[in-house]
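In: Fold the following for me, if possible:
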Amino acid sequence: MSAELASYGLSFLAGTLSVLAPCVLPLLPILLGSALNTHKLGPLALAAGLAITFTVIGVLIASSGAVLGLEQDTLRRFAAVLLILFGVVLLSSHLQHYFSRLTAGLGNSGNNLLYRLSGDTLAGQFLLGCVLGLVWSPCVGPTLGAAITLASQGESLLHVTLVMAMFGMGAGLPLIALGLLSRQAMLRLRGKLMQAGKVGKQVMGIALLVVGLLILTGFDKSIESGLLDILPTWMTEITTRF
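Out: Numbering: from 1, shown residues only. Reported below is the predicted structural model:
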């Protein structure tokens with residue numbers, strides 16, 4: 001239970017950090033400016049498309065273990081190792097740059113596709129957001145991968161969907177917030193946002209390392225057992241429903 005609850009917050013943070021990635025943030029003033037020129041709700045439509053695509057991609061990948069018939073203990077150990085690896089990547093600027101170089105070709109091809117799409121309507125902005133989710137997936141691989149790994153820890157499709165929905169919300173809400181600013185304001189804030197992204201990655205990297213080690217050692221179950229003894233019955237019933 002405790003691991004599942006923590007996964008919601010970590011997934012939301014991962015989604016937010018994905019928008020602050022160096023390969024994503026520089027494009028936001030252009031994309032949001034175009035969305036606002038289309039309609040005042042353009043950024044909302046763009047964010048909704050992005051959130052839905054990230055959620056669908058995550059659910060499909062995170063559910064693949066159950067489809068393949070892998071045992072839950074095997075999935076837990078594999079997920080713990082992945083979380084530790086993602087944590088190390090997020091803590092290392094060198095590894096992040098190396099990952100960016102590996103995915104640069106996919107990102108450039110995707111960005112070329114974006115420029116060809118028409119977003120002259122709200123539906124067009126929503127479609128553009130959906131394509132953004134596909135285009136940016138390789139670029140935000142460490143954060144998206146961490147969210148998918150967290151989601152795969154759940155034993156129900158509902159939990160998997162909720163975790164990935166939190167990632168989608170984390171990625172979409174900053175777009176809506178930045179859409180309320182002028183393009184000049186966004187450009188002024190870009191440096192501060194990139195710095196915040198770096199700090200956020202450090203925090204999340206440490207959190208992923210801790211969660212991964214807890215799962216790998218089985219100590220997360222001990223913590224969960226202790227929380228079940230402390231928490232009131234009504235709270236336990238709510239959290240265990242998922």
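In: Every contact and neighbour count from this point should use C-alpha atoms.
Out: OK.
In: The closest residue to Pro22 other than its chain neighbours: what's it in contact with?
Out: Excluding the flanking residues, the one nearest Pro22 by CA to CA, 6 or more residues apart in numbering is Met194, at 7.1 Å. Contact analysis of Met194 by CA atoms under 8 Å, 6 or more residues apart in numbering lists Leu20, Ala21, Pro22, Leu25.
In: What's the mean pLDDT across the host helix or strand of Met194?
Out: For Met194, the host element (DSSP states H and E) is helix 183-217. Mean pLDDT, helix 183-217: 79.
In: swap in stretch 166-179?
Out: 87.
In: Out of the contacts of Met194, which sit inside helices?
Out: Among these, DSSP state H puts none in helices.
In: how far does the helix or strand encompassing Thr53 sit from the chain's center?
Out: Per DSSP H and E, Thr53 falls inside helix 42-62. Mean C-alpha position of helix 42-62 versus that of the full chain (CA atoms, centre = their mean, to the nearest Å) differs by 10 Å.
In: Same check on stretch 121-138?
Out: Distance of stretch 121-138 from its chain centroid, counting by CA atoms, centre = their mean, is 15 Å.
In: same deal with stretch 192-211?
Out: 13 Å.
In: Which positions in it come out as buried?
Out: 193-194, 197-198, 200-202, 204-211 (16 or more other CA atoms under 10 Å).
In: go on, stretch 49-60?
Out: For stretch 49-60, burial by neighbour count (16+ other CA under 10 Å) applies to Gly49, Leu50, Ala51, Ile52, Thr53, Phe54, Thr55, Val56, Ile57, Gly58, Val59.
In: Could you tell me which residues make contact with Leu36?
Out: By CA under 8 Å, 6+ apart, the residues touching Leu36 are Gly42, Pro43, Gly179.
In: Any stretches of this structure with poor pLDDT?
Out: Residue ranges of the chain with pLDDT under 70: 1-5, 23, 65-72, 99-119, 154-155, 182-184, 187, 220-242.
In: try 90 this time
Out: Applying pLDDT under 90 to the chain flags the ranges 1-11, 13-43, 46, 50, 54, 56-164, 171-242.
In: what's the helix holding Thr53 packed up against?
Out: Contacts defined by 3 or more CA pairs under 8 Å, 6 or more residues apart in numbering; DSSP states H and E place helix 42-62 against helix 28-38, helix 122-136, helix 141-151, helix 157-179.
In: what comes up buried for the first one?
Out: Put plainly, it is helix 28-38. Neighbour-count burial for helix 28-38 [16+ other CA under 10 Å]: Leu28, Pro29, Leu31, Leu32, Gly33, Ser34, Ala35, Leu36, Thr38.
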